[in-house]
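In: build me a model from this:
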Amino acid sequence: MRRILLLIVFALSSMSPLAQSQELRPVTVASGLDHPWGLAFLPDGRMLVTERPGRLRIVGPDGQVGPPVTGLPRVDAGGQGGLLDIVLDPKFSDNARVYFSYSEPGQDADGQPANSTAVARAQLDGNRLVILQVIFRQRPKVASSAHFGSRLVFARDGRLFITLGDRFSRRDDAQSLDTHHGKVVRIEADGTVPADNPFVGRAGALPEIWTYGHRNMQGAALHPATGELWTHEDGPQGGDELNIEFAGKNYGWPVITYGREYVTGLKIGDGTTRADVPAPLTVWIPSIAPSGMAFLTSDRYPGWKGNLFVGALRGQALLRLELDGRQVVKEQRLLPGLGERIRDVRQGPDGWLYLLTDSPQGRVIRLER
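Out: Predicted coordinates for the structure are as follows:
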């Protein structure tokens, strides 16, 4: 209840005069993209943009969208599945390597068609991917077109975090350590398991798991000062959460949640709090369907440095969260007139914020002032 009241306070609180005077100008950098999902900036000013139907594009500094990059693996595109997030290797300038997540086709335990989130890495050679290697596969595969996650974030130590959905039909798996459903996993850049992962050596637990008890995380970013992994996740009919991922912790879904059942509106689980479940920093009720997230580290927007920016699909807005350490102290909804679903949020090398809009004619937007 305290968290809900805080949300109401955030919504009603007046922003500072500086925040109110900040005028944003959405500038279309590129258009005509088919449900763009993930964005990564190349050192030469170009951008890599994934399209959910299974295509990867290179967008030039002038906004020209190139032909599909070749060399991708087979993608099981449909529903929420497809080609998803993309990030550069921290040593991209030396190895030209990129990492991307996607819904991988396969079979379930009974040999029936199924899928799961997978992560691959490859070298970018012109307009093709070469030396491709699948370094992670979510287990088990299930027949579902929903809740794949998945954001990719490199930690400061070079380990890779992957956020994974509960696959919708298998939500109880989020509380089980013998599946990857509803988890954050942490792996080495080559896919091996770090020896200091919290469940290494625990009987019945998959050693890749970093945290569990999640629903569907489509936003993740490292805090620029602490290096902590911050994530947000979708809740059903409300209960979207912003969390900090502490190693080994259980985040509650579907036992501890603010969400309610879609059809009946009935309460899910046993309540909203439990001593061993970290409380979310913010809960959104009703749901905004958050996707994409970035901390602002530049001085492009006076007074906003250090703020957290969250895209909203259902909410069709960009949320700015003012922080005091690990606390959200104010929230502001930006671009209310844009009228588009925001899929991803990134800070570019130039310090501006960039957005991807989710539609058959999706755009790359730069926010100027």
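In: can you tell me the closest non-neighbouring residue to D276?
Out: Distances taken as CB to CB, 6 or more residues apart in numbering put N250 closest to D276, at 6.3 Å, once the chain neighbours are dropped. Heads up, the C-betas are built off the backbone N, CA and C, glycines and all.
In: so what pairs up with the one you found in the strands?
Out: Following DSSP bridges, N250 is listed with bridge partners Y212.
In: relative to R363, how far out is it?
Out: 38 Å (CB to CB, to the nearest Å).
In: for the protein, longest strand please?
Out: Secondary structure assigned by DSSP state E gives strand 113-125 as the longest strand of the chain.
In: which ones are touching the residue nearest to D276?
Out: Q175, T211, Y212, G213, D276, V277 (CB atoms under 8 Å, 6 or more residues apart in numbering).
In: and the residues you listed, which are buried?
Out: Q175, T211, Y212, G213, V277 (16 or more other CB atoms under 10 Å).
In: tell me the average confidence for stretch 318-336?
Out: Average pLDDT, stretch 318-336: 96.
In: okay, how far is it across it, tip to tip?
Out: Counting by CA to CA, to the nearest Å, you get 8 Å between the two ends of stretch 318-336.
In: rewinding a little: distance of the residue nearest to D276 from G219?
Out: 20 Å.
In: do the same with Y354
Out: From Y354 to G219 the distance is 15 Å (CB to CB).
In: next one: Q361
Out: Distance from Q361 to G219, counting by CB to CB: 23 Å.
In: between the two, which one's more packed in?
Out: G219 (24 against 11; other CB atoms under 10 Å).
In: confirm the more buried one sits in a strand?
Out: Yes: judged by DSSP: H, G, I helix; E, B strand; the rest coil, G219 forms part of a strand.
In: which non-adjacent residue is nearest it?
Out: Closest to G219 by CB to CB, 6+ apart is M293, at 3.5 Å.
In: kindly report the same for G311.
Out: With sequence-adjacent residues excluded and distances taken as CB to CB, 6+ apart, G311 is closest to I342, at 3.4 Å.
In: isn't that neighbour up against L356?
Out: Yes: under the criterion of CB atoms under 8 Å, I342 makes contact with L356 at 7.2 Å.
In: joint contacts of these two?
Out: Counting by CB under 8 Å, 6+ apart, the common neighbours of I342 and L356 are G292, G311.
In: so which helix or strand takes in R186?
Out: Secondary structure assignment for R186, by DSSP states H and E: strand 183-187.
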